[in-house]
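Novice: no sequence for this one, just the structure:
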């Protein structure tokens, strides 16, 4: 964690309810306060139909507990840290109605739309990394970005999560054309991008999106929402100083969401 400018938010973080994170939300909030952040938004993995990805997300019957935990943390840190309540929602064709119902159940601050599966393959799960050896990378990325375009066009989300996630284990896009096309769509629809520093903690050792895609997003006027993708309190605000510098050097704009309304970095400063 690094000390950062006091107007920055960490808008991508999880809780133990997802089954693969540790630490109470109050510990994440304290870490953000210690890092000098202005606010955080919890975005734990949305409940999904029981047949989809069950070990890696909260169950529907845990959603009220999640809301209570975040609201209790918000009250505890009132006047010291802004605490938002959001979700990282999955886009998986056929589940849109279920996701829509969950999003209508509460007043969320921010909803990230992410793709973690290509068909039945959880491509970012280290347990299944050997499947990359059986795939043509060009075809894989074209399929992935078609799903990302579907997420963008669904109207369900405020931003697109970790744009170039299939590179997580070092399998980089050999082309790039599909990524640029989907950035055109994201820009046309007025969505934002999750600037996710978790990639720097993964084998690829690079944030999502890559420097090239960051520059392309900035050229298109797509705002970047900083997120550590923290699954432990120690990861809150991870490398945000360097991330903010990279975004600035690329000519990009940092933003955050509350009440599903976007505020840019410039607007947030007095």
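Specialist: Done, it's in. The structure displayed is predicted, hence computed values, not measured ones.

Novice: tell me where the stretch 101-250 of the chain has strands.
Specialist: 110-114, 117-118, 121-122, 159-160, 192-196, 224-227 (DSSP state E, counting those that start in this stretch).

Novice: which among the ones you listed is found nearest to residue 236?
Specialist: Nearest to residue 236 among those is strand 224-227; the distance by C-beta to C-beta comes to 10.2 Å. The way it works is simple: take the backbone N, C-alpha and C, and place the C-beta from them, glycine included.

Novice: partners of the closest one, with directions?
Specialist: Here strand 224-227 has these sheet partners by DSSP bridges: strand 192-196 (parallel), strand 254-258 (parallel).

Novice: tell me how far residue 201 lies from residue 231.
Specialist: Applying C-beta to C-beta, to the nearest Å, the value for residue 201 to residue 231 is 10 Å.

Novice: and the pLDDT for residue 265?
Specialist: What the model reports as pLDDT for residue 265 is 77.

Novice: count the neighbours of the spatially closest residue to it that is not a sequence neighbour for me.
Specialist: Leaving out its chain neighbours, the residue that sits closest to residue 265 by C-beta to C-beta, 6 or more residues apart in numbering is residue 254, at 3.9 Å. Counted by other C-beta atoms under 10 Å, the residues lying close to residue 254 total 24.

Novice: ok, now which ones touch residue 254?
Specialist: Residues in contact with residue 254 (C-beta atoms under 8 Å, 6 or more residues apart in numbering) are 8, 195, 223, 224, 225, 226, 244, 247, 264, 265.

Novice: nearest to residue 59 among the residues you listed?
Specialist: Nearest member of those to residue 59, counting by C-beta to C-beta, is residue 225, at 26.7 Å.

Novice: one step back: tell me which of the contacts of residue 254 is nearest to residue 44?
Specialist: Using C-beta to C-beta, those come closest to residue 44 at residue 225, 16.1 Å.

Novice: tell me how far the closest one lies from residue 168.
Specialist: According to C-beta to C-beta, residue 225 and residue 168 sit 19 Å apart.

Novice: repeat that for residue 188.
Specialist: 27 Å.

Novice: how about residue 16?
Specialist: 22 Å.

Novice: mind listing residues that contact stretch 110-118?
Specialist: 11-12, 41, 43, 53, 84, 86-92, 103, 122-124, 140, 143-144, 147-148, 151-152, 154, 156-162, 165, 194, 225, 227, 256-258, 260.

Novice: how many residues are close by the closest residue in space to residue 161 that isn't next to it in sequence?
Specialist: For residue 161, ignoring the flanking residues on the chain, the nearest one in space by C-beta to C-beta, 6+ apart is residue 114 at 3.4 Å. Look at residue 114: counted by other C-beta under 10 Å, it has 27 neighbours.

Novice: looking at residue 201 and residue 231, which is more packed in?
Specialist: Set side by side, residue 201 and residue 231 show more neighbours around residue 231, with 20 against 16, by other C-beta under 10 Å.

Novice: pLDDT score for the closest residue to the more buried one other than its chain neighbours?
Specialist: Leaving aside its sequence neighbours, residue 231 sits nearest to residue 21 (C-beta to C-beta, 6+ apart; 3.9 Å). Looking at residue 21, its pLDDT reads 97.

Novice: look up how far residue 163 lies from residue 21.
Specialist: With distances taken as C-beta to C-beta, residue 21 is found 22 Å from residue 163.

Novice: who's more crowded, these two?
Specialist: Using other C-beta under 10 Å, the more surrounded residue of residue 21 and residue 163 is residue 163, with 27 against 19.

Novice: what sits against the more buried one?
Specialist: Contacts of residue 163 by C-beta under 8 Å, 6+ apart are 148, 179, 182, 193, 194, 208, 209, 213.

Novice: give me that answer again for 6 Å
Specialist: Residues near residue 163 by C-beta atoms under 6 Å, 6 or more residues apart in numbering: 193, 208, 209.
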